[in-house]
Structures are given as structure tokens and as C-alpha cells.
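In: Predicted structure and sequence below. I'll ask about it afterward.
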Amino acid sequence: MSAENAFGRPGRGPTVASGGMVAASHPAVSLLGARVLAGGGNAVDAALAMAALSWLALPGQCGVGGDAFVLLRRPDGSVAAFGGSGFGPDGGEPAFYRDRGLAAVPLEGALAVAAPGAVAALAALHADSASRSLPELWAPAIAAAEDGLPCTVKTRADIVERRDALARDPGTAEVFLPGGRVPRVGEPIFQRALGAALRRLATDPADLYSGDLAERSVDALVDAGAPFSGYEWIASGDSSAEPALTCAYRGATVHLTPPPTPGWMVAQQAGLCDGVLDGLPWLSAEAVHRMASAARTAFADRFAGCGADSGHWRSLLVPSALAAARARLDAGDLPVPAPPPVPSGGDTTSMVAVDAEGRAVSLIHSLAFTFGARMTVPGTGIVLNNRLGRGAYLIDGHPNEVRPRRRPLHTLNAWLVTGIAGRLLHVGNTPGGDGQVQWNTQLVSHLLDHGHDPATAVAAPRFTVHPGSDADVLGRPPELRVESRLGAARIDALRSSGHDVTVQDAWDAGGSAQIISVADGALLGASDPRQDGVALGV
């Protein structure tokens, strides 16, 4: 039996194509991207069209009122990052929350919201490398909003999970609880008000930051008690290309999204695992122990001193710091984090696209938790994120303490891998809160340490160190969650290594990884079997 089948790999290999490829967590999103490529659009065009449609197809995971981060490899081999996360409110001093008897920034409602950044990042990406207009690329999403998209099992489950909160907001109740009931699977969900907002934004993305949509958003939040001035919304609309963070791994270059994303945590884990995992059997107990220990180190370091506007993370990636941390792991030191928060939920979705000219896009976007703050801007259909509540701490003096005009720490991150002379090797990502930096490290190892194809990589047993760095619950003891497919012998060995192991069902770790690889001039792609996605080639 092959190593892949020993873990219960689904009986299918990667999608193969020569012209271009896309992968996303919803079939309609992938199909739209493939149609854009087949019609002569490039990978940026495809990703922009896919992102907008996913706002309709996966409304619990992403939206106009959320955040987005993108990595772009251009045909000349250069790689750029586009960051789209917004600031907290200008009146968001710690005392504002403490004076209201709060021990943490709320996770729901107006006080949970940060200004959205997704539209700004997508507009900057469009300006950089698109070949088609936003009205053309977003027309399918606008049509889906007006004509309705069938409710999926995933979306229905999201609505059931958040039914009470959705019922409290007139905008979310009207769309997601028509007539006061949960939609059936296959029943169309109409988002006509959002379609009208998308028409406006396709023509002028800045409207969300300094136009009518901005004014309506800020007014709704202020009326609900949030201390926004409006100026932080204007500032959040500024996104432009910036250098990607890079690290070396197995002789290749891994490109990562810079802060406020935790891309540096993938680089740190890579530095602690490079040259170790390739000498161990794939997903052996020893390999899992090493990766889990590296993840624990990264989370402990993040909580100890990192904020969106602090440079502490840089000191963790210098060779001397990595060498010292590697020595501790080599000696068997199992890091125990300071009491950081534990993730309690959340949702995100992502996509990748590659075209025949060598452009590659890794795009990830989110509302933070499922349906974000569960609050809409009246009359627009725009669901607002709860990134401030999820990401910012109410801890005196912490670099990630909630502060005016400070972006909260983020969970979203994306990656791509290049080889000699900048040749594209792999592009990927995976949603999943604080699981992302761990699972992305695992994916890179599957591809580079062991040479697996994308289908094997996305389907491999997943494991997750908890707690991570979300701001909702403090003090949970560390545990290692593993899918049962890892096998009883490995799980027992991990317990003997000092891990408090929680066994999950075979495919229940979460996430929805997307990967496209380049091999012998062809494209190989796969979408995670844990969700409904598909990779399609042209």
C-alpha cells in the first residue's frame, strides 16, 4: 500500500492542464475562474472574478465588509504582496472598552468591527496586473446576487450555527432567514442589495472608503455605539503592492504575506524544520512532533511580543535566533506557550490561479468569524467583519492591545514557492484561523521535503496546535489536535513525546487548502476534499 493510500487518500489524483488553472472551495467559483482564463483573461482577472463571486457563494466566509491578502507572481518573476486589512476605530482607546465594563473587545456587533480592507486590496491588485475592467469581472457576481445562488450544505450549516445572531440584524435576517426560516439546500439565496453595492464598487472601489457607502457604514456603526470617526475608513482604503516576505526552504524560496498577517510564522517554522523533516519518514511521529513544536514556538513568540505595527517578529527570523530555537527543539524542549487565546471559531475562504504566461495569484479573504460581526450596513447587504474583536487584545501594554488607528493581528496568510531564477514551483493557501500558519507549513513540507503532488498534499492528515493567538478565550492548556487517519501508533508516540493529543474524526481538522504546482511544463492542481472545491484547468 502506498504512503498516500495508507492515510485514506481519496481515490483521485491532481487535475492536470497546460494552459492555466484555478482552484477554489466552491465549484461555481472555480468554474468562473476557468471561464475567465479560457476567454483570454489572465490569472489576476480570474482571481478578481472568483473573489467577487465567492462573496455570494460563500457568504459566511467572506464579503465586501471583510479583509483580503494576495500574493502575485508576475511573468517577469517578481513577487508582490497586497494587504487589505483595516484599522480599528479612532476612538478605540482601551479605556473606551473598560469604561463599559468589558474585559475584552466584543466578538459581535459594532464594537467588534474593524474597517474593511478587502476591496482596497482587490482594487490595488486590479490596477497592478488586470487586463479587464472590474465591471466586467464582477458582472457574474452581480448577476448571482440578483438572480440568486443555490444554498449549499456549508452555507446552510453556517446559517444554522449562527441563526440567533443573524435573526437580530434586519439585513442578515432578510437574506439568510427568509420568512424567519433557514433556507433549504438548493434553495436560491438572493442578495439584491449587495448586488447594487457591487455595481457601485466595480465602478469606484473607493466609494467604500470615502464615498456614500463609507458614510453609510460609519453612520451605522456610530449609531450602534462604535467610536469610528470616518477618517480611519479613508486610511484603510490605501493598499498598494509591497515586497513579499521570503525565506529559504529546501533550496527553494517561499514567498509569504507580510504583517499584519502571520506569514513570518510560516518562515519561522520553516527555519526550525528545514533539513530535519526531509530525513524523517513522511508524517512519522517524529516529524509531526517537530512541526508541532515549531508551531508552539511560533505562537508563544507571537503572543510574547508581536503586534501589527511592531517589528519584534524580525528578531525571531535572524539566523542566531533560529539557531537557538532549533537547539532547544533538538534537545527535546517542548515549548509551552504563555497563556495566549484559543481559537473558538471562524471562517475564511481562498483561491489560487495560474495562467499560461506564468502569473500566479494566491488570494485569501475573510469576515473573521462566520458572518463576521453579524451586522449589515442598512440597505447595502454588506456584512461587516469582526476582525477587531477577534484580533485585538485588551491587555495593558501589549503590542497587540486595541488602540486607535492600529490594525489588529491577523490570521490570514498566503504563500507561493519559486525555484532557480524565480521559476514558479507551487502556489497555495488554506483557510482556518490560527490553523493556517501550521497547515501552510505542513503543505510546503509535503511538497518540498517529500515531493508529493497537490492532491496528496491537500488530503494528507492534518494536525493543529491549540491554543493559537485569537483574542476570545485566554488560558486554555495546550493540546495537539490530530485527524484519526494519522494512526494509533503515531498518536501514542506523540503522547509519549509530551503532547496532550485530542483525536478528531478522519477529515475534521478544518481548512480548505488549494494548491497549483508546475511540473514538467504542466500545471497540477487540487482542492481540499474537506470542502466542496475543485481545481479546473484550461
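Out: Alright, I've got the coordinates.
In: need the contact list for the residue positioned nearest the centre of the chain.
Out: Taking CA atoms, centre = their mean, the centroid of the chain lies closest to Leu412, which sits 3.6 Å from it. Neighbour list for Leu412: Asp67, Ala68, Phe69, Ser85, Thr257, Thr261, Thr348, Ile364, His365, Ser366, Gln436 [criterion: CB atoms under 8 Å, 6 or more residues apart in numbering]. The way it works is simple: take the backbone N, C-alpha and C, and place the C-beta from them, glycine included.
In: Just name the closest of these to Glu146, please.
Out: Taking CB to CB as the measure, His365 is the one of the contacts of Leu412 closest to Glu146, at 21.8 Å.
In: Surely that closest one is in contact with Leu58?
Out: No. The criterion here is CB atoms under 8 Å, and His365 misses it with Leu58 at 9.6 Å.
In: any common contacting residues for these two?
Out: The contact lists of His365 and Leu58 share Thr349, where a contact means CB under 8 Å, 6+ apart.
In: List the buried residues in stretch 24-37.
Out: 24-26, 28-37 (16 or more other CB atoms under 10 Å).
In: make that stretch 142-158, sorry
Out: Buried residues in stretch 142-158 (16+ other CB under 10 Å): Ile142, Ala144, Ala145, Glu146, Leu149, Cys151, Thr152, Lys154, Thr155, Arg156, Asp158.
In: Repeat that for stretch 484-496.
Out: In stretch 484-496, the ones that count as buried by 16+ other CB under 10 Å are Arg485, Leu486, Gly487, Arg490, Ile491, Ala493, Leu494.
In: Quick check: the nearest residue to the second one once chain neighbours are set aside vs Ser284, distance?
Out: By the measure of CB to CB, 6 or more residues apart in numbering, the closest residue to Leu486 outside its immediate chain neighbours is Pro461, 4.5 Å from it. Between Pro461 and Ser284 the distance, using CB to CB, to the nearest Å, works out to 12 Å.
In: In terms of neighbours, single out the busier of these two.
Out: Pro461 (22 against 15; other CB atoms under 10 Å).
In: Contacts only, for the more buried one.
Out: Pro461 sits next to Phe7, Leu283, Val482, Glu483, Arg485, Leu486, Ala509 when contact means CB under 8 Å, 6+ apart.
In: just to revisit the earlier point, among the contacts of Leu412, which are in strands?
Out: Counted as lying in strands by DSSP state E, out of the contacts of Leu412, are Asp67, Ala68, Phe69, Thr348, Ile364, His365, Ser366.
In: Let me know the closest of the residues you listed to His426.
Out: Ile364 (15.5 Å).
In: so the closest one makes contact with Phe69?
Out: Yes. Counting by CB under 8 Å, Phe69 is a contact partner of Ile364 at 5.7 Å.
In: For the two, list the residues in contact with both.
Out: Leu412, Asn413, Ala414.
In: Which entry within the ones in strands among the contacts of Leu412 corresponds to the minimum pLDDT?
Out: Among those, Thr348 carries the lowest pLDDT, at 89.
In: Please, where are all the helices along the stretch 151-300 of the chain?
Out: Taking DSSP state H, counting those that start in this stretch, the helices of the stretch 151-300 of the chain run over residues 153-161, 163-168, 170-176, 192-203, 207-210, 212-223, 231-236, 263-273, 285-305.
In: ok, Ala196 - how many residues close by?
Out: Neighbour number of Ala196 under other CB under 10 Å is 16.
In: nope, Thr253 is what I was after
Out: Thr253: 17 neighbours (other CB under 10 Å).
In: who's in contact with it?
Out: Thr246, Cys247, Val417, Thr418, Gly419, Gly422.
In: that's a strand at the third one, yeah?
Out: Yes. Assigned with DSSP: H, G, I helix; E, B strand; the rest coil, Val417 falls within a strand.
In: so it sits right up against Leu448, yeah?
Out: Yes. With contact defined as CB under 8 Å, Val417 reaches Leu448; the gap is 7.1 Å.
In: rewinding a little: mind listing which of the buried residues of stretch 24-37 are in strands?
Out: Short answer: those in strands (DSSP E) are Ala24.
In: from the buried residues of stretch 24-37, which is closest to Ala392?
Out: For these, the nearest to Ala392 is Ser25 (27.2 Å; CB to CB).
In: what separates the closest one from Ala51, distance-wise?
Out: Separation of Ser25 from Ala51 (CB to CB): 12 Å.
In: residues shared between the contacts of those two?
Out: If you check Ser25 and Ala51 against CB under 8 Å, 6+ apart, the residues they both contact are Met351.
In: quick one on the thing from earlier: save the buried residues of stretch 142-158 as TSV, and put in pLDDT and distance to Leu316 too.
Out: Below are those laid out as TSV (pLDDT from 0 to 100; distance: CB to CB, whole Å):
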residue	pLDDT	distance to Leu316
Ile142	98	44
Ala144	97	43
Ala145	98	43
Glu146	97	48
Leu149	96	43
Cys151	96	44
Thr152	95	40
Lys154	92	36
Thr155	95	39
Arg156	96	42
Asp158	95	35
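In: For those residues, which two are the farthest from each other?
Out: Pairwise over the buried residues of stretch 142-158, using CB to CB, the maximum falls at Ile142 and Arg156, 23.4 Å.
In: Now do the SS call for the nearest residue to Thr15 once chain neighbours are set aside.
Out: The shortest distance from Thr15 to any non-neighbouring residue, by CB to CB, 6+ apart, is to Ala535 (4.1 Å). Assigned by three-state DSSP, the conformation of Ala535 is strand.
In: The chain should start at 29 in everything you say after this.
Out: Sure, I'll start numbering at 29, so the last one becomes Ala563.
In: list the contacts for Ala563?
Out: Residues in contact with Ala563, defined by CB under 8 Å, 6+ apart, are Pro42, Thr43, Met49, Val50, Ala51, Ser58, Pro482, Gln542, Ile544, Gly553, Ala554, Ser555.
In: In strands, which of those fall?
Out: Thr43, Met49, Val50, Ala51, Gln542, Ile544, Gly553, Ala554, Ser555.
In: which one of those sits closest to Asp383?
Out: Met49 (8.5 Å).
In: what about that closest one, distance to Val382?
Out: 5 Å.
In: shared neighbours of the two, which are they?
Out: With CB under 8 Å, 6+ apart, Met49 and Val382 have common neighbours Ile544, Leu551.
In: My guess is Val64 contacts Ala167. True?
Out: No. Using CB under 8 Å, Val64 is not in contact with Ala167; the gap is 11.1 Å.
In: that older thread, shared neighbours of Val445 and Leu476, anything?
Out: The contact lists of Val445 and Leu476 share Tyr277, Ala280, where a contact means CB under 8 Å, 6+ apart.
In: So what's the residue count around Pro288?
Out: Neighbour tally, Pro288, other CB under 10 Å: 26.
In: if I pick it, what's in contact with it?
Out: Pro288 is in contact with Gly111, Ser113, Ala336, Arg435, Pro436, Leu437, His438, counting by CB under 8 Å, 6+ apart.
In: Any chance of the backbone angles for it?
Out: The phi/psi pair for Pro288 (degrees, to the nearest 10) reads phi -80, psi 10.
In: mind checking how far it is from His317?
Out: For Pro288, the distance to His317 - CB to CB - is 30 Å.
In: Tell me where the stretch 429-566 of the chain is predicted with low confidence.
Out: 495-503 (pLDDT under 70).
In: 80 instead, please
Out: By pLDDT under 80, the weakly predicted segments of the stretch 429-566 of the chain are 495-505.
In: do the stretch 29-178 of the chain as well
Out: For the stretch 29-178 of the chain, residues meeting the criterion pLDDT under 80 lie at 29-34, 36-39.
In: same thing but 90
Out: Filtered on pLDDT under 90, the stretch 29-178 of the chain yields the residue ranges 29-40.
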